[in-house]
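Asker: Quick one: sequence plus predicted model below, questions after.
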Amino acid sequence: MSEKLSEDPVRKFRDWMKLQERKQCTYTYEQEKTIICTAYARAEIRFYEMNIVEFRILSLKTDETLFYLHFQLGDNKHTEELFHEMMSTLLAYNEEQTVKVLLCCSSALTTSYFAEQLNRAAKVLSLNYIFEAVSYDKVYEKGLYFNLILLAPQIGFQMKKIHNAMKEIPILTIPASIYGKYDTGALITLVQKTIREHQPQPSKAEVVARAFNNSAKILCICIFNSSRHIRTTYRYYCNGTIVTQGEIKKRNIAISDVMDVIDTMIAIYPEIECIGLSMPGVAARGRLQLPGQGIVDEDVSMEIYKKYHRACVLSNDCNQVAYGIYSLEDKYQDLIYNFQPYGSPLGGAGIIANGELVRGQGRRAGELNVLMNTIQFSAPLNELAVTADGTYEIVSKLIACEISLLAPEAIFVHSAMAPDIEHLHTLVKTLVPEDEIPDLHYINDTQEYMMVGTMLKSIDWYNRFLAGEWAKEFYNEQKEDMFSSSIELKR
């Protein structure tokens, strides 16, 4: 393929795809789509007007969307990278479709023996099942990669705690009558019944976004880390009304994915005036620091402006969740939002004081790694972060410090592994006098809050941009050209 697609890029991309065929896949070529199937999943590649391409991978068993993105054909190298990434996910899912069952007990001794017996039985029955055993202290680290978790009767009391951390995975306590006799036939029947009946429950937004009183045309893009995927959600607001919205699921964070969303949306809605972007990392003056994803001091805001000639309002994800909570709840002037990622010792916080978002020097307010290094924990942080009890210890001690330093009216928490707010309250009460503990709330889904916070900040900063304030402060290299072109866009 040449450096830039020319004349009928869709046809050229189709021709290139045919050269990438693999023996383990079947291919169906239709006028508006291409379907690539394995024994366990299918990839659908659809073509739309303005050279927009959509990649989607669906499980043949559950019809669940495993991978999704869309982009506008342009740069060949980038197109090829995205195609190969999709194919890697499709082929990897081929390997994952063995039903994987995790047995768990206190030390994994008895369940290891039972797992051996179950694997032999599954082989005799020609079932594509794999059974593994793990001790309780490892279940949070490994459980996300299994289709079903079975607990030994002696730790059945932990089922609720494990389920709270891994809501997408069915979790059962093995009946004592089956466990005591190592009854492989009865357990396999139970596994089959459970897998057949389990239907993942979609999460529900905690709030509904209010209508925005503004005349701007703003594309909001929010990136956040769920327990199993990196979710990129986007909405185009025109005069405060949602015109369209969507979501992309992948396993990593890449600025190129943001660019693909913008490419597609601007191709369809060229009237878009401003882009609001919220994502993990330290966001300061349009630059982003997110070393864990290979993003080091990247001038994201300027890159987006130079490519699309639209102002980009870059924000930290936790900050915008906190701002969204403050705006929607309309109850507290001083609050903190705490996010503790699944299995990670390093979380983040968004802080609202006197109704204003606190950013601090270098925009690092809420980066909790320094604070965590000063707190005494019962074990190393990387060990605590992979268990529910350890995560509750991390979050409760952070809350205690925040109460001591900031005395907020309320603290909101999102942590898949520590969702029991009453239990958190009990732990905090051992560290802080009860009459000093603020209102504690758990947020199950942060998407709506983050989107609202991103939109409100975008409205504010875009108005400043049109007034010339932001152009001088952040885009001083562009100055007059940038400001004048944005005025033309507005007109």
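Answerer: Cool, the structure landed. The structure presented is a predicted model; accordingly, all values stated were derived computationally and were not measured.
Asker: residues in contact with Met17?
Answerer: Thr34, Ile45, Phe83 (CB atoms under 8 Å, 6 or more residues apart in numbering). Glycine gets a C-beta too; all of them are placed from N, C-alpha and C.
Asker: Can you tell me which of these end up in strands?
Answerer: Thr34, Ile45 (DSSP state E).
Asker: Save the contacts of Met17 as a markdown table, and put in distance to His425 too.
Answerer: Formatted as a markdown table, the contacts of Met17 follow (distance: CB to CB, whole Å):
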| residue | distance to His425 |
| --- | --- |
| Thr34 | 53 |
| Ile45 | 50 |
| Phe83 | 49 |
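Asker: show me where the stretch 51-200 of the chain has helices.
Answerer: 76-96, 109-124, 139-142, 159-165, 176-181, 184-197 (DSSP state H, counting those that start in this stretch).
Asker: pLDDT weak spots in the stretch 351-491 of the chain?
Answerer: 360, 362-370, 372-373, 470-491 (pLDDT under 70).
Asker: can I assume Ile195 is in contact with Val99?
Answerer: Yes. Contact status for Ile195 versus Val99: in contact at 6.2 Å, counting by CB atoms under 8 Å.
Asker: Return every residue with contacts to both of the two.
Answerer: Asn147, Leu148.
Asker: With neighbour numbers in mind, choose between those two.
Answerer: Val99 (18 against 15; other CB atoms under 10 Å).
Asker: what residues are up against the more buried one?
Answerer: Leu127, Asn128, Tyr129, Ile130, Asn147, Leu148, Val191, Ile195.
Asker: neighbours of Ala39, just the number please.
Answerer: 10.
Asker: Could you do Pro9 as well?
Answerer: Pro9: 18 neighbours (other CB under 10 Å).
Asker: same question, Glu64
Answerer: 12.
Asker: what does Ser135 give?
Answerer: Neighbour tally, Ser135, other CB under 10 Å: 15.
Asker: Same check on Ile52?
Answerer: Applying other CB under 10 Å, I find that Ile52 has 19 neighbouring residues.
Asker: Would you mind listing the residues in contact with it?
Answerer: Per CB under 8 Å, 6+ apart, neighbours of Ile52: His70, Phe71, Gln72, Leu73, Thr264, Ala267, Ile268.
Asker: what about the fifth one, distance to Leu357?
Answerer: I take that to be Thr264. 30 Å (CB to CB, to the nearest Å).
Asker: With neighbour numbers in mind, choose between the two.
Answerer: The residue with more neighbours, out of Thr264 and Leu357, is Thr264; 22 against 19, by other CB under 10 Å.
Asker: which residues touch the helix or strand where the more buried one lies?
Answerer: Per DSSP states H and E, Thr264 falls inside helix 255-268. Contact with helix 255-268 is made by 50-52, 69-72, 74, 78, 82, 219, 221, 223, 232, 234, 236, 244, 248, 250, 272, 275, 277, 279, 295, 298, 300, 303-304, 307-308, 310, as judged by CB under 8 Å, 6+ apart.
Asker: try it again with 7 Å
Answerer: 50, 52, 69-72, 74, 78, 219, 221, 232, 234, 236, 248, 250, 272, 275, 277, 295, 298, 300, 304, 308 (CB atoms under 7 Å, 6 or more residues apart in numbering).
Asker: cool, and stretch 309-317?
Answerer: Around stretch 309-317, the neighbours that count as contacts under CB under 7 Å, 6+ apart are 223-224, 272-283, 286, 288, 300-301, 304-305, 450, 454, 457-458, 461-462, 465, 485-486.
Asker: ditto for stretch 322-340
Answerer: Residues contacting stretch 322-340 (CB under 7 Å, 6+ apart): 207, 318, 321, 347-355, 357, 391, 394-395, 398-399, 402, 406, 408-415, 418, 449-450, 452-453, 456-457.
Asker: looking at this protein, which helix or strand is least sure?
Answerer: helix 480-490 (a mean of 42; mean pLDDT, DSSP states H and E).
Asker: ok now do the closest residue in space to Val300 that isn't next to it in sequence, which residues does it touch?
Answerer: Once flanking residues are discounted, Val300 sits nearest to Leu288: 4.9 Å by CB to CB, 6 or more residues apart in numbering. Contacts here follow CB under 7 Å, 6+ apart; on that basis Leu288 touches Gly281, Ile295, Glu298, Val300, Leu314.
Asker: Would you mind giving the domain segments of the chain?
Answerer: Annotated domains of the chain cover 9-94, 99-197, 217-319+447-490, 331-442 [automatic domain parsing].
Asker: Apart from its neighbours in sequence, what residue is nearest Leu125?
Answerer: Nearest to Leu125 is Ile188, by CB to CB, 6+ apart, at 7.1 Å.
Asker: Could you give the number of residues near the one you found?
Answerer: Neighbours of Ile188 (other CB under 10 Å): 18.
Asker: show me where pLDDT drops low in the stretch 201-350 of the chain?
Answerer: Scanning the stretch 201-350 of the chain for pLDDT under 70 picks out 201-214, 226-228.
Asker: Show me where it has its strands.
Answerer: 217-225, 230-238, 241-250, 274-279, 282-284, 287-290, 295-298, 311-316, 335-339, 348-353 (DSSP state E, counting those that start in this stretch).
Asker: can you redo the ones you listed as a markdown table with distance to Glu434?
Answerer: Conversion of the strands of the stretch 201-350 of the chain to a markdown table gives the following (distance: least, CB to CB, whole Å):
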| stretch | distance to Glu434 |
| --- | --- |
| strand 217-225 | 32 |
| strand 230-238 | 37 |
| strand 241-250 | 41 |
| strand 274-279 | 35 |
| strand 282-284 | 35 |
| strand 287-290 | 38 |
| strand 295-298 | 42 |
| strand 311-316 | 32 |
| strand 335-339 | 18 |
| strand 348-353 | 22 |
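Asker: Of all those, which one is nearest Arg56?
Answerer: Nearest of the strands of the stretch 201-350 of the chain to Arg56, taken as CB to CB: strand 241-250 at 9.8 Å.
Asker: buried ones in the closest one?
Answerer: By neighbour count on 16 or more other CB atoms under 10 Å, the buried set for strand 241-250 is Val243, Ile248, Lys249, Lys250.
Asker: Repeat that for stretch 122-141.
Answerer: Those would be Ala122, Leu127, Tyr129, Ile130, Phe131, Glu132, Ala133, Val134, Tyr136, Asp137, Val139, Tyr140, for stretch 122-141 by 16+ other CB under 10 Å.
Asker: which one of the residues you listed is nearest Ser106?
Answerer: Closest to Ser106, out of all of those and judged by CB to CB, is Tyr136, at 5.7 Å.
Asker: Let me see the contact set for the closest one.
Answerer: Contacts of Tyr136 by CB under 7 Å, 6+ apart are Cys104, Cys105, Ser106, Ile155, Gln158.
Asker: For the closest residue to the fourth one other than its chain neighbours, give its distance to Gly143.
Answerer: Using CB to CB, 6+ apart and skipping residues adjacent in sequence, the residue nearest Ile155 is Tyr136, 5.6 Å away. In this view, Tyr136 and Gly143 are 11 Å apart by CB to CB.
Asker: and the helix or strand containing Met451, what does it pack onto?
Answerer: Taking DSSP H and E as the criterion, Met451 maps to helix 447-466. If you count contacts as 3 or more CB pairs under 7 Å, 6 or more residues apart in numbering; DSSP states H and E, helix 447-466 packs onto strand 217-225, strand 230-238, strand 274-279, strand 311-316, helix 317-329, helix 469-474, helix 480-490.
Asker: got the contact list for the first one?
Answerer: Spelled out, that is strand 217-225. Contacts for strand 217-225 (CB under 7 Å, 6+ apart): 230-238, 253, 258, 261-262, 265, 271-280, 317, 341, 446-447, 450-451, 454-455, 458, 462.
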